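Undergrad: Predicted model and sequence below, questions to follow.
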Amino acid sequence: MAEEKAEFLKGTLDMLILKVVALGPIHGYAIAQRIQQISRDFFQLQQGSLYPALHRLEDRGWLRAAWKATETGREAKFYALTPKGRKQLEAEVRNWEQMTDAVALILRTAE
Amino acid sequence: MRWYYRFFRRQLAEKHLDAELRFHLEQRIADLVTAGKAPEEARRRARLEFGGLDQVKEECRDVGASHIIETLVQDARYDLRQLRRNPGFTAVAVLTLALGIGANTAIFSVVDAVLLKMLPVRNPQQLLLVGVRTPKHGHGRFGLPYPAYEHFRDHNRVFSSMLAYGGIGLTATLDGISDKANGELVSGSYFEALGVNAWSGRTLFPQDDSPGARPATVLGYRYWRGRFDSDPGVIGKSILLNRVPFTIVGITPPGFFGLQIGADPEFYIPMAFEPRLVPGSRRLESGSTWWLTIMGRLRSGVSAPRAQANLNQLFPEFLQATVAEAPPNWPESMKDAFLKQWIVLAPGSQGQSKLRERFRLPILILMGVVLLVLLIACTNVANLLLARGVARRREVATRMALGAARKRIIRQFLTESVLLTVAGGLAGLAMAGWFTRFLGEFLLSQAAFLNLQIDHRVILFTTVIAFIVGILFGLFPALRTTREDPGTVIKDGTAAAPSLLPLRMTLAQGLIILQVALSLVLLAGAGLLVRSLEDLEEVNTGFTHEQVLLFSVSPTESGYTGTRLRNFYDRLQQDLQAYPGVRSASLSFASPLSRNESTTMISEFGTRPAVHTRSHSYRNIISPDYFATLGIRLIAGREFTERDGASAPKVAIVNQTFARDYFGSESPLGKKLGYGPGQNSGPVEIVGLAQDSKYNSLRERHVPMVYLPYQQFASVSEMTFELRIRGRTTLPLAAIRRQVGPAVPITNVITLEEQVSRSLLPERVTVTITSIFGLLALVLTGIGLYGVISHWVSQRTHEIGIRMALGAQRLDVLEHVLGQGFRLILIGIAAGIAGAVGVTRLISSLLYGVKPTDPVTFIAVSLILTAVALLACYIPAQRAAKVDPMVALRHE
């Protein structure tokens, strides 16, 4: 089951990260926590995939990073969405919705 | 993005990545502790959850597209490790390249200074030098009369500005101390036309160039630093130049050395003061004194041919005006010749350079020599790399099998060779500094100053050379090593793959043949030059070199003229003769090989001077005892004596060549000569016949020479004293200084032996350098051959073992290996001789007494080369002969 989840997550990880970051500047650890909480522990993000993904999104210009102090006063790397990232997120969400709609349609119709 | 910026950003990114992941880990630990776990336990769990830290980092790093510079840096790091692991190889390669590159850099700095560098003035390419040609002097010259300059300046329609300059000897007196200095008389337009501004103070302006102006002078920067210790307070000070008080108004900029390359004037003086500096001079008025260099700056849109045409329209007016005002005794033939001159313009962007004319060939030859050496050095390093490439075949094959692209591996090999050349280039630059000083010394003896810094142009040249070289010698081994099928190599191991070996050996062999050939060319050239120098040193000069001391004075610059001047010379000669240790003393306009040449139009008195034959002779103005002092034999007649004074009948002494040219087999004694325009000298009786002796250079064939007594000459401004001394007497300089007084500086203190030897300096330096490089080439070739044969032997240990097991004797093996080397050497020598025959022709003008294809030299250098090469082969051959067949076979 865990393996299936990982496979499933891979395709959607970028979108989930963009979505979480869209709420406001946030550091890597918090992103992992947030995804885990919101999904009610459905997704347990591995660091091995989170950080490369963050770096990839930054490299593509969808995220912008800056070092800022957290509420506990420690320096952390905060990610924020760029305008390009926002467009990308919208596009991915639209795709996702179209796909899930289509999948749902098939599942319902075939019943 | 600039690569270094990117490189440093990369370093920063690495730090940030580290911090980011650590933050994550610590945050997790903190959360776990908050959730009630013990700190130790929390730490352990967090680590476990996180997984492989390095792996995460690696993946993050891989995100950015890898930049070419970054892989280059990676390659460089890898190669540096490799190089550090092979210190012997690295040292040999770097040293070889350093020698090659260093020599090239040094010679290039000379080529640049003497042949290439543009003047540091505004738009130098617009400047043109005005030259004159006559039907007789086809090659032209650059000196013109001052009135010609005025005529061109006032009437031309092609130049936006014109300027003129000419050298002048000065005696500068400051605070009672006098020194010789070289001055440049310049037109008022000089600095403005060039666009050169003062470094401090002001330059000279047209209003300074008038006889009524306050005398102003500008100092050369280098002179100011040396003589005035960079004192900025010097501006506004007064200085006596040839006893005329001048005000120093400015200093030239550091990069400006005047327009005559190698001159670097110390004082720039307005032209109008010439008559005051040289009393009695008519140079500014005379239309037939050819002394001034003229330059023009082209108006925009005017072409050089049009400018030349315009000046040639103007020139005849000047010539005719001069002839019209010429003294009545000018012969018609002279007037004719005078009118037949025309103007030729030459590019002025590099200034005017006698050095360029004199040293062009030697410098280009040196450049060729060092390029050859560099080529040899390259082949050597290529061979080293090739041998190492063979040793690294397995590594390369493994990397290729693991998916490394061939391109990538070639690039890495090239990075390595470029690294080697960069190291070699840096070491070479250091070496070049030393080498340039050596070269500079010899050039400086020919010029007051040469701007030989290693500047950005030279460094650019070195860099370009280094990269070309690096890629050149790196590419072949790289291509060769990566050509093989990785599977074969790995399976067969390093020692095998016999089918591929001959191919690779062919390349190495080709390189060796090339090296031998290049070395032969170099050695042959060096050999020919050595033999020429030996011949030149043996030349019979016609005078005695030993135990003659020389020094010069120019008392006219300190105000001595007419009778006072003659008395000055007389007194000094008498006093010198009275010194203990001085056997005899004399003075003359020129001492032998001093390059103070002077010619005169002279012919048998009463005949009209013919235009072509027996009308010109070299001339020296001498005192009594000149021949005795210099040891020049008088064949017949007598020396001049005190009785040949100004009012006595005019007399002359001629040399053998003169006598033969003018009078054939008749005795010249008693014959009458006449010189000067229209023979205005009156009859001059020949009273002596002197043996031929060298005058200007050791190479010259004897020239006709007429000696005239200085007492019968109006004024000789600069004279050289000759003292023949007993034993080891040194020049009593202090006493002479007291004698001549502080107002007259003593210059050019030298022994005649040194002066003779100095005249051979260009030859000696060329010989020294080509010999050094010839030897270097020989050594490099030896090393290269040794390397290739050693490698060949080590590849064939097995084969040799079998041969020996089958009954071959040690001697057979030795012969076999030597034979391999000998074949290469022979081909190389044959190719080298063919090349040398083509190349040595280029240096024929530097040779003396030998032909460019001198068989003795060629055979000698071939033998030397063969001996060294065979020695280089002998060592590995002997090693091969010592192979124990049992060990060699078991080894497999």
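TA: Received it, and whenever you're ready, just let me know what you need.
Undergrad: So residue B:263 is in contact with residue B:223, correct?
TA: No - checked against CB atoms under 8 Å, the pair residue B:263 and residue B:223 is beyond contact range at 11.8 Å. In short, each C-beta sits where N, CA and C put it, glycine included.
Undergrad: More neighbours: which of those two?
TA: Neighbours of residue B:263 and residue B:223, each counted by other CB atoms under 10 Å in any protein chain shown, are more numerous for residue B:263; the result is 23 against 20.
Undergrad: how far away is that one from residue B:184?
TA: 8 Å (CB to CB, to the nearest Å).
Undergrad: which residues are common contacts for those two?
TA: The contact sets of residue B:263 and residue B:184 overlap at residue B:167 (CB atoms under 8 Å, 6 or more residues apart in numbering or on different chains).
Undergrad: Residue A:100: neighbour count?
TA: So residue A:100, with other CB under 10 Å, has 10 neighbours.
Undergrad: and the gap between residue B:283 and residue B:273?
TA: 12 Å.
Undergrad: If we go by neighbour counts, what in whichever strand or helix holds residue B:432 is buried?
TA: Using DSSP states H and E, residue B:432 maps to helix B:406-444. By 16 or more other CB atoms under 10 Å in any protein chain shown, the buried positions in helix B:406-444 come out as B:409-429, B:431-432, B:435-436, B:439-440, B:442-443.
Undergrad: residues from the stretch 101-250 of chain B in reach of chain A?
TA: Residues of the stretch 101-250 of chain B found near chain A (CB under 8 Å from any CB of the partner chain): none.
Undergrad: in the stretch 101-250 of chain B, which ranges drop under the pLDDT threshold?
TA: B:136-140 (pLDDT under 70).
Undergrad: again with chain A
TA: Counting by pLDDT under 70, the ranges of chain A that qualify are A:1-11, A:110-111.
Undergrad: got the residues of it near chain B?
TA: A:27-29, A:32, A:46-48, A:51-52, A:55-56, A:59, A:67, A:74-77.
Undergrad: Now the buried members of these.
TA: By 16+ other CB under 10 Å, those give A:27-29, A:32, A:47, A:51-52, A:55-56, A:76-77 as buried.
Undergrad: Just the ones in helices from those, please.
TA: Judged by DSSP state H, helices contain the following of these: A:28-29, A:32, A:47, A:51-52, A:55-56.
Undergrad: Determine which two of the buried ones among the residues of chain A next to chain B are furthest apart.
TA: Checked with CB to CB, these reach their widest spread between A:56 and A:76, with 19.4 Å between them.
Undergrad: where along the stretch 1-150 of chain B do the strands fall?
TA: For the stretch 1-150 of chain B, the strands defined by DSSP state E, counting those that start in this stretch cover B:127-133, B:143-144.
Undergrad: winner for burial among those strands?
TA: Most buried of these, by mean neighbour count (mean count of other CB atoms under 10 Å in any protein chain shown): strand B:127-133, with a mean of 21.
Undergrad: helices or strands up against that one?
TA: strand B:143-144, strand B:292-298, helix B:304-324, strand B:342-347 (3 or more CB pairs under 8 Å, 6 or more residues apart in numbering or on different chains; DSSP states H and E).
Undergrad: contacting residues around residue B:672?
TA: Residues in contact with residue B:672, defined by CB under 8 Å, 6+ apart, are B:604-606, B:683-686.
Undergrad: cutoff 6 Å now
TA: B:605, B:683, B:685 (CB atoms under 6 Å, 6 or more residues apart in numbering or on different chains).
Undergrad: how close does the first one get to residue B:707?
TA: Right, residue B:605. Remark: distance between residue B:605 and residue B:707 (CB to CB) = 17 Å.
Undergrad: Then the second one?
TA: Taken as CB to CB, the spacing of residue B:683 relative to residue B:707 amounts to 17 Å.
Undergrad: Quick check on the two: which one has the bigger neighbour count.
TA: residue B:707 (26 against 14).
Undergrad: Tell me the secondary structure of the more buried one, please.
TA: Recorded secondary structure, residue B:707: strand (DSSP: H, G, I helix; E, B strand; the rest coil).
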